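Participant: A structural model of the following input is requested.
(chains A and B)
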Amino acid sequence: SQQGEEDPQALSIQEGENATMNCSYKTSINNLQWYRQNSGRGLVHLILIRSNEREKHSGRLRVTLDTSKKSSSLLITASRAADTASYFCAPSSYSGAGSYQLTFGKGTKLSVIP
Amino acid sequence: DTGVSQNPRHKITKRGQNVTFRCDPISEHNRLYWYRQTLGQGPEFLTYFQNEAQLEKSRLLSDRFSAERPKGSFSTLEIQRTEQGDSAMYLCASSLVGARNEQFFGPGTRLTVL
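Facilitator: Alright, predicted model coming up:
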């Protein structure tokens, strides 16, 4: 399975601290995406990193990708209470049916304590 | 609102009844995806459309499930003879061909089968 697997499953930090979440996957990808989901809501796209990129930044987010280790990490700096959510990585790979599919793991549940 | 919309947001039904959900994607998006998400899990791919053609279906999509996208715009997902195991959040997402498969998700329809 191409499913992304996030680690840790849960993370609790104080506001202002940095949060790091890791993701591992199994086969080749064309890109890897990170999504956030607030409780009971839909997913929000955060950032996409292509397979030929090693690092990408967007605001307080920093994503790294190591294709040799088949792993990625998401760093959220200077966390805020509003960052409390579940975070999913989604490797994107060709499905063989004319599309690139995303496969999601169980996510990391981040709690930021004010 | 120019995002992905889903209706209804919540549906409670009795076992054995049929239910239908609707998804309206972002207007210029030609790809549309359905996912199912249960508590504590990430979204699981069900099926996807490119324009009006249903190009891929997951093995999760039993014969009781059918999806349509008749004019390449909105889509419906019908579940016949619902079972308690069908209780889940049903998520719809849309994307543009060639846009690196960045998917935009709707808020989801939460189904409870009693």
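
Participant: Tell me which residue in chain A sits closest to chain B.
Facilitator: A:Phe104 (3.2 Å; CB to the nearest CB). In this view, the C-beta of every residue, glycine as well, is placed from N, C-alpha and C.

Participant: Identify the residue nearest that residue in space, chain neighbours excluded?
Facilitator: Once flanking residues are discounted, A:Phe104 sits nearest to B:Gly42: 3.2 Å by CB to CB, 6 or more residues apart in numbering or on different chains.

Participant: How many residues are close by the one you found?
Facilitator: Close neighbours of B:Gly42, defined as other CB atoms under 10 Å in any protein chain shown, add up to 24.

Participant: wait, what's in contact with it?
Facilitator: A:Gln3, A:Gly4, A:Phe88, A:Phe104, A:Gly105, A:Lys106, A:Gly107 (CB atoms under 8 Å, 6 or more residues apart in numbering or on different chains).

Participant: Can you list the buried residues in stretch B:42-54?
Facilitator: Within stretch B:42-54, the residues scored as buried using 16 or more other CB atoms under 10 Å in any protein chain shown are B:Gly42, B:Pro43, B:Glu44, B:Phe45, B:Leu46, B:Thr47, B:Tyr48, B:Phe49, B:Gln50, B:Gln54.

Participant: Quick one: end-to-end distance for that stretch.
Facilitator: 23 Å (CA to CA, to the nearest Å).

Participant: Where does pLDDT dip in the chain?
Facilitator: You didn't say which chain, so I picked chain A. A:1-2, A:97-98 (pLDDT under 70).

Participant: my bad, the chain I had in mind was chain B
Facilitator: Scanning chain B for pLDDT under 70 picks out B:1-2, B:99.
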